[in-house]
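*Asks:* Structure here, sequence nowhere to be found:
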């Protein structure tokens, strides 16, 4: 069985950053080079058991943490009737989760805005990218200092660190698909 090294590396990076450690900090506490640690985090190099053991000790976690989701399937089906909803504070639209697992790097959502409703992203100052495509109606999207009028079939790609708000200023319901990386809303 081939190990999902990208997933393991992503978990290491996430845990390291959550603990406010730099690669230099982790290098010093493990005795491993920053270059090796960087390659492991990016999924370029598969860590040996000894390397992984040193990393888990330095991050004060269990080695099992990195393998908890290995057995899960790489295909995740969500039927329309089984979609879950996310409620965002200060938002009046309906947000459906199209597909996502705890280890996903991408989150896909379908947003439905009735006339006068808004979707405001509350999760600024995070690295990542977003893209949306309007599948029905006309959407007004403010990104940073710019405002865009999007029509059915139009799409917009932008950096997640930019403040953005989607609003339905028209008389018809608007639906759009929203893709977000990383997938965590925190």
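*Replies:* Ah, there it is. Fair warning: this is a prediction, and the values are worked out from it, not measured in the lab.
*Asks:* ok, and what's touching the lowest-mean-pLDDT helix or strand in the chain?
*Replies:* When each helix and strand of the chain is scored by mean pLDDT, DSSP states H and E, strand 84-86 comes last, with a mean of 78. Residues outside strand 84-86 that contact it (CB atoms under 8 Å, 6 or more residues apart in numbering) are 94-97, 109, 185. Any C-beta I mention is one placed from the backbone N, CA and C, and that applies to glycine too.
*Asks:* Write the PyMOL selection for whichever of those are buried.
*Replies:* PyMOL command restricting the contacts of strand 84-86 to the buried ones, with burial defined by 16 or more other CB atoms under 10 Å:
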select buried, resi 94+95+96+109
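*Asks:* Save the contacts of strand 84-86 as a markdown table, and put in distance to residue 30 and pLDDT too.
*Replies:* Below are the contacts of strand 84-86 laid out as a markdown table (distance: CB to CB, whole Å; pLDDT from 0 to 100):
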| residue | distance to residue 30 | pLDDT |
| --- | --- | --- |
| 94 | 46 | 85 |
| 95 | 40 | 85 |
| 96 | 42 | 85 |
| 97 | 37 | 83 |
| 109 | 38 | 88 |
| 185 | 31 | 53 |
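*Asks:* Can you tell me which of the contacts of strand 84-86 is nearest residue 78?
*Replies:* The shortest gap between residue 78 and any of the contacts of strand 84-86 belongs to residue 97, at 7.2 Å (CB to CB).
*Asks:* could you measure the residue nearest to that closest one when sequence neighbours are not counted against residue 93, distance?
*Replies:* Excluding the flanking residues, the one nearest residue 97 by CB to CB, 6 or more residues apart in numbering is residue 84, at 4.9 Å. Distance of residue 84 to residue 93, given as CB to CB, to the nearest Å: 15 Å.
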